[in-house]
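A.B. asks: make a model of this:
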Amino acid sequence: MGMDWHSSGITTSVIGALKRGLGPLSNELGIDVCGGRGQHSRKTPDELRLLGERIGFDGARLTRASRLVAKVDSAAVQDGFDLYLHGFFVTDDGKWTVVQQGMNGDKKQARRYHWHSEALKSFVEEPHSAIDGPAQGEIVNLTDRRAQASRAKQLDLLEDFGPDRIVSELAALTGEAPAQALLPHLVMPAHHDVRSSDVFTRRLHGTLAAAAERGPVDFPDLLLTPGVGARTVRSLAMVAEVVHGAPYRFRDPARFSLAHGGKDRHPYPVPIKVYDETIRVMKSAVRNAKLGRDEEMQALKRLDDQARRLERTAEGPSFESFVATERAASPLLDGRSVLGWEKELTQPKAAGSARSKISR
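C.D. replies: Predicted coordinates:
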């Protein structure tokens, strides 16, 4: 749903949601999600062992892979990020994907590490399918192909010198760390809050215009949800872009937080009523499409098409006005953030203490 556009919590939330949602369907789909954040990550080996016994794949091999992946990203790659999340996705035939995330408390940045078994040739030489986050410059990266000699010499040192001599020699040595391997990086602005410069305003205006024009007519008739206004249609239009969008349109990451806000009130609190209604409509559309009735999916497609056409000519409020309107409407839409319910945060506090009210 794209709540927080720039938050490390999204990775945790998505993996948690997939684990919870796919769990009851694992026998049908042939895919399981293990691990998670903190203490859940440490349960991954036990989860893989039990899956291996139930399904029949080599649980010990996958357990070793899980531990080795975590060790590589915490010891072989020393980039200043401490791992706190380990998600292990595995299919019944033993193929796997790992998503790990680390946090740098001083920089207030997160970094995500991606692994994929089918592309993996070595655990210790350029094993990642991608690393997402700001580049860190020069780091200790023993997975770089140029570090092959270093890895070999470290084994020789252990055999020839022993740990005590290595410790004493280390104090006298200095050297340059190997350069980091070049991998795909997702580079986002340093600021967390969504700003007008992050938003393609013409696209926002097109969505607003499409919602206003088609909401009262199409939504009851085509989406089969009578009584819901343009606000939910507007959110669905933004979600429809994810479903039907071409890749080039995803260059505006802030866009998806405009549909349903963010848990930290940026750009505005999550409107629970709208959020739940969007999920309900999408569930209905997917369920009916599986049964051969795709009217709702087609309505979403038409909504997306209409928004794209209107982008060229539509006019509307500034980003600041849009956000101000959403914040003002938040209490009525059950707006919620990590601070609590918006209506409780914005209602005026009664004068006097509880003790004086009782006495009166």
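
A.B. asks: only C-alpha atoms for contact and neighbour calcs from this point on.
C.D. replies: OK.

A.B. asks: from Thr97, how far off is Val72?
C.D. replies: 15 Å (Cα to Cα, to the nearest Å).

A.B. asks: and for Arg37?
C.D. replies: In terms of Cα to Cα, Arg37 sits 16 Å off from Thr97.

A.B. asks: buried sites along the helix or strand hosting Pro45?
C.D. replies: Per DSSP states H and E, Pro45 falls inside helix 44-55. Buried positions in helix 44-55, judged by neighbour count with 16 or more other Cα atoms under 10 Å: Thr44, Pro45, Glu47, Leu48, Arg49, Leu51, Gly52.

A.B. asks: which residues are in contact with the fourth one?
C.D. replies: Listed by Cα atoms under 8 Å, 6 or more residues apart in numbering, the contact set of Leu48 reads Cys34, Gly59, Ala60, Leu62, Thr63.

A.B. asks: can I get the buried part of those as one ChimeraX selection?
C.D. replies: Applying 16+ other Cα under 10 Å to the contacts of Leu48, the buried members can be selected in ChimeraX as follows:
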select :34,59,62,63
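
A.B. asks: could you list which of the contacts of Leu48 belong to strands?
C.D. replies: Cys34 (DSSP state E).

A.B. asks: circling back to that earlier point, return the closest of the buried residues of helix 44-55 with respect to Gly87.
C.D. replies: Thr44 (8.3 Å; Cα to Cα).

A.B. asks: skipping its backbone neighbours, what lies nearest the closest one in space?
C.D. replies: Spatially, and ignoring its direct neighbours in sequence, Thr44 is nearest to Gly35 (4.6 Å; Cα to Cα, 6 or more residues apart in numbering).

A.B. asks: what does Arg37 give?
C.D. replies: Computed as Cα to Cα, 6+ apart, the closest residue to Arg37 that is not its neighbour in sequence is Leu85, at 4.2 Å.

A.B. asks: the one you found contacts Gln39, correct?
C.D. replies: No: using Cα atoms under 8 Å, Leu85 makes no contact with Gln39, being 9.1 Å away.

A.B. asks: between those two, who's got more neighbours?
C.D. replies: More neighbours surround Leu85 than the other of Leu85 and Gln39, with 23 against 12 (other Cα atoms under 10 Å).

A.B. asks: if we can go back for a sec, now go through the contacts of Leu48 and say which are in helices.
C.D. replies: Gly59, Ala60, Leu62, Thr63 (DSSP state H).

A.B. asks: now flag whichever of those is closest to Leu310.
C.D. replies: Comparing the ones in helices among the contacts of Leu48 against Leu310 with Cα to Cα places Leu62 closest, at 50.6 Å.
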